[in-house]
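>>> Make a model of this:
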Amino acid sequence: DISSQNIILDDNVAWDLAAVGAQHKYGNWAPGKVKPTEYAHQVDNLSNRDPNMGDRIEKRHKKLRDMKKEDCELAFIKILQSNTTFGLESLGCRVAKKQHQNYRFGVCPKGIIVFKRGTLSQGTKF
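Presented below is the predicted three-dimensional model:
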């Protein structure tokens, strides 16, 4: 669901997930062990709004020292559950006259939420 963008993540959540993924894959952070571009590659489908995202993910990875693989898996789930759009059913669309404007509509018990390029744009309550 994440890679197909059915779950809408803001940058901070995407970076936290990538840092936990890096800890799971590479273990503890060490200088030169993982390049910032490798961190950024992990979130290609999640976030591309910040050119410094590799550095931001690396900073988060450093804080996860000594986290075990099974703890990473649990942390990944907890981060997803804390995401404001957890449980939201989302649908994507493109506006015909604005080809680079990607919109996602989220349906939840409280109403309909509109995201423009991954950022909450507006909402309508039922």
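>>> where does this structure dip in pLDDT?
Low-confidence segments of the chain, defined by pLDDT under 70: 1-6, 40, 42-49, 84, 87, 89-101, 109-110, 117-120, 122, 124-126.
>>> tell me the strands in it, going along the chain?
Counting by DSSP state E, the chain has strands at residues 89-95, 98-108, 111-116, 119-125.
>>> residue boundaries of the helices in the protein?
Per DSSP state H, the chain carries helices over the ranges 11-26, 36-42, 53-62, 69-82.
>>> Does anything pack onto the shortest one? Which helices or strands?
Contacting helix 36-42 under the criterion 3 or more CB pairs under 8 Å, 6 or more residues apart in numbering; DSSP states H and E are the following elements: helix 11-26, helix 53-62. Every C-beta, even on glycine, is put in place using the N, C-alpha and C of the backbone.
>>> quick one: contacts of it?
Helix 36-42 is contacted by residues 18-19, 21-22, 53-55, 57-58, 61 when judged by CB atoms under 8 Å, 6 or more residues apart in numbering.
>>> redo that, cut-off 7 Å
18, 21-22, 53-55, 57-58 (CB atoms under 7 Å, 6 or more residues apart in numbering).
>>> So which of those wins on neighbours?
Within the contacts of helix 36-42, most neighbours by other CB atoms under 10 Å means Ile57, with 27 neighbours.
>>> Tell me the spacing between the closest residue to that residue other than its chain neighbours and Tyr103.
Spatially, and ignoring its direct neighbours in sequence, Ile57 is nearest to Tyr39 (4.0 Å; CB to CB, 6 or more residues apart in numbering). Using CB to CB, to the nearest Å, Tyr39 is found at 28 Å from Tyr103.
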